[in-house]
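Novice: okay, predicted coordinates and the sequence, questions at the end:
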Amino acid sequence: MSRPAEPIARPPAVLAVDGLDVTVSGGVRAVRGATFTLGRGEAVGLVGESGSGKSLTCRSVLGVLPTGCEVSAGRITLGAPGTEPGTGPGSRAELTAFTRTQWDAVRGRRIGAVFQDPASYLNPSLTVGRQLTEQLRVGAGLSRSEAHTRAVELFTAVGLHRPEEVFHQYPHELSGGMLQRVLIAIAVSCSPELLIADEATTALDVVIQAEILELLQRLRAERGLALLLVTHDLAVVAESCDRVLVMYAGEIVEDGPTAEVLAAPAHPYTEALLRVASIGAWGRRELDIIPGRPPETGAELPGCRFADRCAHAVARCTEGPVALHSLDGGRRARCLRPAGPLDEAPTPDAAGSGETPETAVAEGASV
Ligand SMILES: Nc1ncnc2c1ncn2[C@@H]1O[C@H](COP(=O)(O)OP(=O)(O)OP(=O)(O)O)[C@@H](O)[C@H]1O
Ligand SMILES: [Mg+2]
């Protein structure tokens with residue numbers, strides 16, 4: 001990178017993930033050394049092909065990993081460095097050392113979450129109003145009537161028309177978009193510091209999708225909450241995220257301010273994602289059109305996990321581990337190329353279209 005080194009001002013961290021490993025199926029490493037931070041009020045996009053470890057990373061932060069999956073290494077800290085340890089708002093809590101009781105004090109209160117399928121996170125036999133008021137009574141300690149008033153305010157804030165009417169409805173009586181608004185109301189009801197949205201708009205049609213994203217942005221601005229947004233859509237990242245984290249085969253391979261990463265990706269995988277984006281078709285399957293396949297989950301490789309799909313790979317790439325290098329402008333990339341010149345020709349078996357990085361970037365820049 002030829003840009004001059006400049007200190008990058010970031011808000012104090014709300015979340016710090018350091019060296020996170022998640023194993024599945026009795027020891028298979030599905031997330032490998034994930035290290036990143038989220039600043040107060042920042043929106044960070046998490047992108048990567050299906051199976052790259054995005055949801056396991058989010059679920060680790062929420063303490064809700066599926067059965068058979070566990071955090072096997074690393075630390076997750078909620079709250080800014082230097083603040084008092086504890087579970088209360090604004091304090092510093094090491095989530096990876098949490099007991100069940102400590103989780104109850106934080107999940108749903110300091111960290112909210114919304115997922116792809118809102119119906120499965122709501123109780124079909126209770127009205128949505130009741131589900132929100134229960135959260136407000138338990139999580140925020142409100143009385144029954146305070147919780148009712150607050151619930152109607154929250155339903156209004158998330159853009160539900162006739163909130164009093166919605167209050168008395170059951171999940172099956174509401175559309176997917178309305179259910180997602182209900183879930184967002186529940187997620188932000190206790191004024192969390194962090195909101196995790198794991199493909200929260202994927203199942204919705206494009207108009208509703210745009211409205212929900214706008215709602216998340218508005219809530220972030222109004223409430224100063226940090227947003228971790230998992231998506232397959234780089235256009236969403238371009239529009240709504242301050243920073244982007246790119247995951248590939250369990251590892252974070254690139255991290256940096258969105259505008260700069262999308263204008264000039266430092267990792268060939270990000271470059272490939274942008275090339276796919278420039279074709280104009282979005283969605284889960286489109287990411288699969290990058291030539292080749294990711295390694296099996298848990299496969300232990302000596303070097304870069306992207307090397308056999310990379311047009312720029314040289315022998316050194318597969319000889320030893322490639323670290324996530326710090327670059328100028330608060331960026332990081334797990335690649336030898338931006339960290340210093342590669343003095344070898346690409347390996348003949350390296351995959352890719354033969355395109356130069358410059359063409360790929362130019363195409364990608366149209367995202
Ligand atoms: N409950 C589970 N049991 C076994 N393996 C799992 C489980 N959950 C996830 N995995 C494996 O861990 C890897 C990462 O999964 P994860 O769900 O985090 O991917 P993802 O990036 O969120 O993908 P997608 O974009 O499809 O949601 C995948 O290989 C997946 O098969
Ligand atoms: Mg997922």
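Specialist: It's in. Ligands and ions are numbered 1, 2, ... in the order given.

Novice: in the stretch 1-150 of the chain, what residue lies closest to ligand 2?
Specialist: Of all residues in the stretch 1-150 of the chain, the one sitting closest to ligand 2 is Ser55 (3.1 Å; Cβ to the ion). The way it works is simple: take the backbone N, C-alpha and C, and place the C-beta from them, glycine included.

Novice: contacts only, for the closest residue to that residue other than its chain neighbours.
Specialist: Distance criterion Cβ to Cβ, 6 or more residues apart in numbering; nearest residue to Ser55, sequence neighbours excluded, is Asp198 at 5.6 Å. Contact analysis of Asp198 by Cβ atoms under 8 Å, 6 or more residues apart in numbering lists Lys54, Ser55, Cys58, Ala113, Val114, Phe115, Gln116, Val230.

Novice: mind running it again at 10 Å?
Specialist: By Cβ atoms under 10 Å, 6 or more residues apart in numbering, the contact list for Asp198 reads 46, 54-55, 57-59, 62, 113-116, 228-231.

Novice: what about ligand 1: which of those residues touch it?
Specialist: Here is what survives when these are matched to ligand 1 using Cβ under 6 Å from any ligand atom: Lys54, Ser55.

Novice: looking at the contacts of Asp198, which are in strands?
Specialist: Residues of these located in strands (DSSP state E): Leu46, Ala113, Val114, Leu228, Leu229, Val230.

Novice: and the two most separated of the residues you listed?
Specialist: Leu46 and Val114 (14.0 Å; Cβ to Cβ).

Novice: ok so, going back, greatest separation within the contacts of Asp198: which pair is it?
Specialist: Maximum distance among these (Cβ to Cβ): 17.4 Å, for Leu62 and Thr231.

Novice: name the residue in those two with the higher neighbour count.
Specialist: Between Leu62 and Thr231, Thr231 has the larger neighbour count (other Cβ atoms under 10 Å), namely 24 against 19.

Novice: quick one: pLDDT of the more buried one?
Specialist: Looking at Thr231, its pLDDT reads 91.

Novice: hang on, it packs against Glu199?
Specialist: Yes: in this structure Thr231 lies within contact range of Glu199 using Cβ atoms under 10 Å: 6.5 Å.

Novice: quickly list what's touching both of these two.
Specialist: Lys54.

Novice: what about the helix or strand harbouring Ile252 and ligand 1, any contact?
Specialist: Applying DSSP states H and E as the criterion places Ile252 in strand 251-257. No: contact of strand 251-257 with ligand 1 (Cβ under 6 Å from any ligand atom) is absent, the minimum separation being 11.5 Å.

Novice: kindly export whatever helix or strand comes next after that strand (C-alpha atoms) in CSV.
Specialist: Next along the chain after strand 251-257, taking DSSP H and E as the criterion, comes helix 258-263. Coordinates of each C-alpha in helix 258-263 appear next as CSV, following Å, rounded to 0.1, in the frame of the first residue of the first chain:
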residue,chain,number,x,y,z
THR,A,258,-15.5,0.0,3.9
ALA,A,259,-14.9,2.7,1.3
GLU,A,260,-11.2,1.9,1.2
VAL,A,261,-11.5,-1.9,1.2
LEU,A,262,-14.1,-1.8,-1.6
ALA,A,263,-12.1,0.7,-3.7
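
Novice: who touches helix 258-263?
Specialist: Residues from elsewhere that reach helix 258-263 (Cβ under 10 Å, 6+ apart): 1, 3, 8, 43-45, 234-235, 237-246, 254-257, 266-267, 270, 273-274, 277, 327-331, 333, 361-362, 364-365, 367.

Novice: and for stretch 19-28?
Specialist: By Cβ under 10 Å, 6+ apart, stretch 19-28 touches 29-36, 53, 56-57, 59-61, 65-66, 68-76, 96, 250, 252, 296-299.

Novice: which of those residues count as buried?
Specialist: Using 16 or more other Cβ atoms under 10 Å as the burial test, the contacts of stretch 19-28 include 29-36, 53, 56-57, 59-61, 65, 69, 71, 74, 76, 96, 250, 252, 297 as buried.

Novice: helices - which of these land there?
Specialist: Leu56, Thr57, Arg59, Ser60, Val61 (DSSP state H).

Novice: from ligand 2, how far off is the residue of the stretch 151-300 of the chain found nearest ligand 1?
Specialist: Nearest residue of the stretch 151-300 of the chain to ligand 1: Thr297, at 3.5 Å (Cβ to the nearest ligand atom). Distance from Thr297 to ligand 2, counting by Cβ to the ion, to the nearest Å: 13 Å.

Novice: what sits against the nearest residue to that residue once chain neighbours are set aside?
Specialist: Leaving aside its sequence neighbours, Thr297 sits nearest to Ala30 (Cβ to Cβ, 6+ apart; 5.2 Å). Contacts for Ala30 (Cβ under 10 Å, 6+ apart) come out as 21-24, 51-53, 55-57, 69, 72, 249-250, 297-298.

Novice: wouldn't Arg305 be in contact with Ile252 here?
Specialist: No: if you go by Cβ under 10 Å, Arg305 and Ile252 don't touch, sitting 11.4 Å apart.

Novice: overlap in contacts of the two?
Specialist: The contact lists of Arg305 and Ile252 share Arg32, Ser52, Arg334, where a contact means Cβ under 10 Å, 6+ apart.

Novice: so which of those residues sit within strands?
Specialist: Per DSSP E, the shared contacts of Arg305 and Ile252 map to strands at Arg32.

Novice: make TSV out of the shared contacts of Arg305 and Ile252 and add pLDDT and distance to His168.
Specialist: Formatted as TSV, the shared contacts of Arg305 and Ile252 follow (pLDDT from 0 to 100; distance: Cβ to Cβ, whole Å):
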residue	pLDDT	distance to His168
Arg32	97	47
Ser52	95	42
Arg334	97	51
